[in-house]
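Colleague: no sequence on hand, only this structure:
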């Protein structure tokens with residue numbers, strides 16, 4: 001039995017956590033024993049969705065001075081006889097990977113997920129990434145674009161990187177699934193109003209501001225257009241203020257984090273993903289699986305799902321005018337929308353199913369462990385140090 005511990009130190013639940021949940025649910029229990037360490041904030045939001053047989057361990061390890069948390073993680077790795085430490089996002093790996101090496105975990109894996117376009121100055125030179133990368137045995141890139149970023153920008157060794165596309169349970173999305181009765185009315189929308197759904201955290205990365213800037217042009221062509229934003233984040237109040245100041249209060253609704261994404265997609269005529277950067281967006285996979293055409297920005301791994309003119313429409317990031325034109329094109333051409341929706345569903349069913357993601361990840365663990373030989377026993381001294389703390 002291979003013990004796999006997933007580690008995240010994010011403060012909010014997002015696509016990374018959904019990715020981890022896919023693995024926690026899907027790993028073959030006859031071969032793998034998964035557990036999950038995350039911050040208390042995420043643990044509180046994710047607890048009900050974690051399988052009952054998975055140990056969920058709240059732990060805040062985000063700063064160098066969090067020595068007690070570092071020792072606690074070391075203790076968990078030793079006591080659970082962890083064979084694979086799998087961190088998600090570089091900031092998590094920066095802390096967890098060295099600890100895993102000290103405790104002699106046989107295999108250390110990192111999934112970076114996104115291009116860190118926010119970096120500036122010395123951080124944009126990725127020196128720390130390359131140093132910390134010495135503690136990482138294997139990287140999983142979630143898209144081909146993500147792999148290129150890791151090799152060409154970060155300068156990580158290509159031999160350590162394998163691409164495993166994000167996936168979701170695409171078959172739980174039914175294109176013919178109707179929205180729950182009364183959903184439109186509860187939102188204050190009319191029966192014939194075209195509805196755009198946006199799934200994503202309310203953070204600068206996701207580009208909600210650009211969508212709001214595009215709406216006046218869309219409304220000139222389609223006065224009844226409505227927008228529903230699923231997700232929470234630091235920008236909620238600012239975005240709500242922009243909606244009020246722009247006279248869009250009748251058209252835009254913020255409904256927070258929603259567990260029943262399929263119901264909200266069933267409500268949509270189309271979906272929008274106006275992000276400035278992505279890894280490989282689950283929101284795009286879910287939209288296409290639900291048979292809803294998408295307008296998205298052509299960033300990072302998004303065009304690997306939303307193929308312009310084939311499975312959706314793409315526009316440059318930050319271009320409100322181009323976004324408005326693409327939305328209007330979809331809303332005005334029903335045949336185009338149906339064509340993109342059919343092709344998009346076939347595309348994600350073939351390439352982005354959760355089972356495929358899980359199986360490829362399992363194979364990576366087993367192959368990498370086999371290449372590294374027999375599992376290494378962790379030293380007892382560290383466990384004794386942990387018990388003294």
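Modeller: Okay, I see it. Quick caveat, the model's predicted, so the values are computed rather than measured. Numbers count the residues shown, from 1 in each chain.

Colleague: drop to CA atoms for contacts and neighbour counts, all remaining ones
Modeller: Fine.

Colleague: domain assignment for this structure?
Modeller: 2-167+353-388, 170-351 (automatic domain parsing).

Colleague: what about the shortest one, average pLDDT?
Modeller: Taken as a whole, domain 170-351 has a mean pLDDT of 96.

Colleague: quick one: the strands in the stretch 201-350 of the chain?
Modeller: When secondary structure is read from DSSP state E, counting those that start in this stretch, the stretch 201-350 of the chain shows strands at 226-230, 252-256, 270-273, 294-297, 313-315.

Colleague: most tightly packed of the ones you listed?
Modeller: Mean neighbour count (mean count of other Cα atoms under 10 Å) peaks for strand 294-297 among the strands of the stretch 201-350 of the chain, with a mean of 28.

Colleague: can I get the strands of the stretch 201-350 of the chain in CSV with distance to residue 220?
Modeller: As requested, those are exported to CSV (distance: least, Cα to Cα, whole Å):
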stretch, distance to residue 220
strand 226-230, 13
strand 252-256, 15
strand 270-273, 18
strand 294-297, 19
strand 313-315, 20
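
Colleague: and those strands: which comes nearest residue 18?
Modeller: strand 226-230 (14.7 Å; Cα to Cα).

Colleague: how far does the closest one sit from its chain's centre?
Modeller: 19 Å (Cα atoms, centre = their mean, to the nearest Å).

Colleague: now do stretch 203-218
Modeller: 20 Å.

Colleague: next: stretch 240-247.
Modeller: For stretch 240-247, the distance to the chain centre is 28 Å (Cα atoms, centre = their mean).

Colleague: list of residues touching it?
Modeller: Under the criterion Cα atoms under 8 Å, 6 or more residues apart in numbering, residues 212, 249, 252, 254 lie in contact with stretch 240-247.

Colleague: how about a cut-off of 10 Å?
Modeller: With contact meaning Cα atoms under 10 Å, 6 or more residues apart in numbering, stretch 240-247 is reached by 209, 212-213, 215-216, 235-239, 248-254.

Colleague: stretch 63-77: which residues count as buried?
Modeller: For stretch 63-77, burial by neighbour count (16 or more other Cα atoms under 10 Å) applies to 69, 70, 71, 72, 73, 74, 75, 76, 77.

Colleague: so which of the strands of the stretch 201-350 of the chain is nearest residue 63?
Modeller: Per Cα to Cα, nearest to residue 63 of these: strand 252-256, 29.1 Å.

Colleague: contacts for that closest one?
Modeller: Contacts for strand 252-256 (Cα under 10 Å, 6+ apart): 187-188, 195-202, 212, 215, 225-233, 236, 239-240, 243-244.

Colleague: how about 6 Å then?
Modeller: Contact with strand 252-256 is made by 226, 227, 228, 229, 230, 231, 232, as judged by Cα atoms under 6 Å, 6 or more residues apart in numbering.

Colleague: what pLDDT is listed against residue 74?
Modeller: 97.

Colleague: quick one: buried ones out of the contacts of stretch 240-247?
Modeller: Buried members of the contacts of stretch 240-247, counted by 16+ other Cα under 10 Å: 209, 212, 213, 215, 216, 236, 239, 248, 251, 252, 253, 254.

Colleague: quick one, phi psi at residue 174?
Modeller: phi -110, psi 120 (degrees, to the nearest 10).

Colleague: for it, what are its contacts?
Modeller: For residue 174, counting by Cα under 6 Å, 6+ apart, the contacting residues are residue 290.

Colleague: so how far is residue 118 from it?
Modeller: Distance check for residue 174 against residue 118: by Cα to Cα, to the nearest Å, it reads 36 Å.

Colleague: how about residue 165?
Modeller: 23 Å.

Colleague: of those two, who's got more company?
Modeller: Taking neighbours as other Cα atoms under 10 Å, residue 165 and residue 118 compare with residue 165 leading, 25 against 9.

Colleague: measure the more buried one to residue 243 for me?
Modeller: In terms of Cα to Cα, residue 165 sits 35 Å off from residue 243.

Colleague: and residue 73, by the same measure?
Modeller: 44 Å.

Colleague: repeat for residue 315
Modeller: For residue 315, the distance to residue 243 - Cα to Cα - is 23 Å.

Colleague: helices of the stretch 101-250 of the chain, start to end?
Modeller: With helices called from DSSP state H, counting those that start in this stretch, the stretch 101-250 of the chain shows them at 127-132, 144-148, 183-187, 208-221, 236-245.

Colleague: who's in contact with the second one?
Modeller: It refers to helix 144-148. 141, 300, 301.
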